[in-house]
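Undergrad: build me a model from this:
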Amino acid sequence: MAIASLGGDFVKTRYRTDYDPLILSQSGFETQPASTNYPVGGSYGQIPFDAERKNWGVLGEVLLPLHKTLEGNISARYDKYDRVHSRHVFGSLPDPVTGLQMRLPAADLGNTFNSSTYKLSLRWTPVENLLLRGAYGTGFKAPNLNEVAGGLTFNGSTSGTYACPFPGTSGCRGSAAQYDLLKGPNSASGELGLKPEKSKQWTLGGRFEPLPGLSLGLDLWNVRIRDQILSGGVPEGEGFANPQLYKHLFINPYTDPGGGFNTIGYKQQPINGGMASYRGLDWDFSYRNRNTGFGKLSASWTGTRMLRQNYTLSPTGSLKTDLGVFGPDNAVVFKWQSHMNLTLETGAFINTLSAHYKSGYKDQAYPAGSVIFPILANGKVGNEAVAFEGIDTPSYHLRLAGQVVVQQGHQRDGGREEPVRPQAAADPAKRRRRQPDRLRRPLCRSAGPRLLPDGRLQLLSGVPKQNRRRGQAPTGGFFMPAA
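TA: Alright, predicted model coming up:
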């Protein structure tokens with residue numbers, strides 16, 4: 001018997017950030033305090049943020065028992081997003097008297113968005129211990145609030161060192177130097193404003209349980225995104241390599257807010273790139289044995305092998321990749337990621353051994369005339385910068401960790417006393433990518449970065465080089481609802 005369901009939701013999202021006057025100092029905006037004090041070595045030059053947006057959606061789902069071993073599912077959704085209402089809007093040109101960016105009245109920014117999405121899936125169990133599954137769906141992601149509202153503020157220095165993009169101008173800092181970055185939103189409407197991301201994705205996989213306690217899962221997945229939103233705008237490496245093409249992104253000269261010296265500023269504002277394509281293989285193996293004679297044994301092995309990752313920075317741009325290399329957007333996508341856990345419960349003790357692995361990658365290459373200088377035979381540094389193809393970095397992260405936990409205390413459950421097990425913090429490596437076949441709703445929700453309160457998750461993409469550190473999970477990519 002088929003089962004149908006209908007639903008809907010209305011969401012009003014408001015995001016507000018206020019800062020101490022010291023943090024607002026030296027911003028160049030009307031909101032900065034009169035005092036010139038600022039925190040040495042700290043974050044400053046910020047502006048307040050207060051924006052909201054409303055969106056609503058309707059959805060439907062039909063569960064179809066096609067056979068006693070075959071089950072189908074059809075789901076669809078329609079979403080509508082209003083423009084972003086910002087209470088902190090600033091002019092694009094400084095006031096001729098004060099030199100500050102003046103605050104404007106509250107306004108609606110960006111575009112409205114609407115889209116219909118759907119998902120089709122099948123689950124087949126030819127025998128009791130084998131499940132085969134597949135799904136195809138479409139997705140939709142509206143820009144985040146801070147990609148539409150806010151102001152263009154100082155954001156530190158470039159991660160790379162570059163030759164002056166405009167030789168002979170007053171903003172040049174020598175033959176090779178770091179320049180200032182400015183980060184802000186794209187508040188435009190119409191064709192110049194941001195469009196939503198749209199995607200198509202499929203997955204094929206299954207689960208096999210050949211023995212009691214042993215479960216083996218494998219899924220091949222693919223996601224293709226159109227009009228991908230590049231939150232950081234055109235990557236700095238691309239901009240500095242083609243300064244005439246991206247001349248509109250440079251401010252020359254630009255006065256550094258901390259040092260007061262002339263330099264060149266590079267604007268990082270969100271844009272719609274071209275396309276992005278991801279394909280990978282996920283595995284999820286687990287084993288539990290409660291009758292070993294010396295305790296309860298459990299083991300798990302999860303991981304992802306990225307088979308494809310490429311993207312373009314514009315609809316007609318050339319294909320680029322970060323897969324196993326330091327890419328043009330200052331990011332790395334690891335080919336292999338894996339996490340293993342081995343746990344033994346013996347009486348009052350829980351003994352755990354875990355290992356986490358990320359494969360190596362080819363690090364950043366440098367062209368001739370940049371910042372790599374040879375060491376001459378006499379031990380001195382040469383005067384002419386040479387090309388450098390980059391270092392082959394070995395395994396980016398391999399960690400072995402052991403843990404022993406003593407069970408303590410008791411809780412009463414239905415008249416029985418059970419030991420209370422301490423709750424460990426969630427391992428970031430377990431925040432794994434959700435695939436379409438694991439979802440019970442269509443891939444059609446959107447709104448914010450990382451893991452959201454409503455359960456939406458982000459597909460992994462890359463880690464900006466300036467933020468890379470051991471154990472950090474990749475960021476960026478596509479959002480979809482959790483199961």
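
Undergrad: secondary structure element for the nearest residue to Ser75 once chain neighbours are set aside?
TA: Among residues not flanking Ser75 along the chain, Glu61 sits closest, at 4.0 Å (C-beta to C-beta, 6 or more residues apart in numbering). C-beta here means a position set from N, CA and C on the backbone, and glycine is covered the same way. Secondary structure from DSSP states H and E places Glu61 in strand 49-67.

Undergrad: what of Thr13?
TA: strand 3-17.

Undergrad: got the CA positions of the helix or strand following that strand in PDB?
TA: As assigned by DSSP H and E, the chain's next helix or strand after strand 3-17 is helix 21-24. Only the C-alpha atoms of helix 21-24 are listed here, as PDB (Å, rounded to 0.1, in the frame of the first residue of the first chain):
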ATOM      1  CA  PRO A  21      34.400  49.600  20.200                       C
ATOM      2  CA  LEU A  22      38.000  48.400  20.100                       C
ATOM      3  CA  ILE A  23      37.100  45.800  17.400                       C
ATOM      4  CA  LEU A  24      35.200  48.500  15.400                       C
END
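
Undergrad: chain center to helix 21-24, what's the gap?
TA: For helix 21-24, the separation from the chain centroid amounts to 28 Å (computed by C-alpha atoms, centre = their mean, to the nearest Å).

Undergrad: helices and strands around that helix, which ones?
TA: Using 3 or more C-beta pairs under 8 Å, 6 or more residues apart in numbering; DSSP states H and E, no helix or strand is in contact with helix 21-24.

Undergrad: flag every buried residue along it.
TA: Leu22, Ile23, Leu24 (16 or more other C-beta atoms under 10 Å).

Undergrad: check stretch 65-79 too.
TA: By 16+ other C-beta under 10 Å, the buried positions in stretch 65-79 come out as Glu71, Gly72, Asn73, Ile74, Ser75, Ala76, Arg77, Tyr78, Asp79.

Undergrad: quick check, Trp301 in contact with Ser338.
TA: Yes: in terms of C-beta atoms under 8 Å, Trp301 counts as a neighbour of Ser338; the distance is 7.1 Å.

Undergrad: next, give phi and psi for Arg123.
TA: Per-residue torsions, Arg123: phi -130, psi 130 (degrees, to the nearest 10).

Undergrad: bridged to it, which residues?
TA: Glu71, Arg133 (DSSP bridges).

Undergrad: show me where the chain dips below the pLDDT cut-off.
TA: Scanning the chain for pLDDT under 70 picks out the ranges 41-42, 366-373, 382-391, 394-483.

Undergrad: after the top helix by length along it, next one along is what?
TA: Counting residues, the longest helix found in the chain (DSSP state H) is helix 236-241. From helix 236-241 onward toward the C-terminus, using DSSP H and E, the following helix or strand is strand 250-255.

Undergrad: could you dump that following strand to PDB, C-alpha only?
TA: Extracted as PDB, the C-alpha positions of strand 250-255 are listed here (Å, rounded to 0.1, in the frame of the first residue of the first chain):
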ATOM      1  CA  PHE A 250      41.800  45.900  -7.200                       C
ATOM      2  CA  ILE A 251      41.900  49.200  -5.200                       C
ATOM      3  CA  ASN A 252      45.100  51.000  -6.100                       C
ATOM      4  CA  PRO A 253      46.300  52.700  -4.000                       C
ATOM      5  CA  TYR A 254      44.700  51.400  -0.800                       C
ATOM      6  CA  THR A 255      45.700  52.700   2.600                       C
END
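
Undergrad: tell me what that strand is packed against?
TA: Secondary-structure packing of strand 250-255 (3+ C-beta pairs under 8 Å, 6+ apart): strand 180-183, strand 262-268.

Undergrad: kindly recompute the last result at 7 Å.
TA: Contacting strand 250-255 under the criterion 3 or more C-beta pairs under 7 Å, 6 or more residues apart in numbering; DSSP states H and E are the following elements: strand 262-268.

Undergrad: that older thread, so what strands line up beside the strand holding Thr13?
TA: strand 49-67 (antiparallel).

Undergrad: give me the number of residues near the residue nearest to Ser75?
TA: Other residues near Glu61 come to 18 when the count uses other C-beta atoms under 10 Å.

Undergrad: does it touch Ser5 like I think?
TA: Yes: with contact defined as C-beta atoms under 7 Å, Glu61 reaches Ser5; the gap is 5.1 Å.

Undergrad: ok so, going back, residues making contact with the longest helix of the chain?
TA: Thr158, Ser159, Gly160, Tyr162, Pro165, Leu181, Tyr246, Leu249, Tyr266, Leu313, Pro328, Asn330 (C-beta atoms under 7 Å, 6 or more residues apart in numbering).
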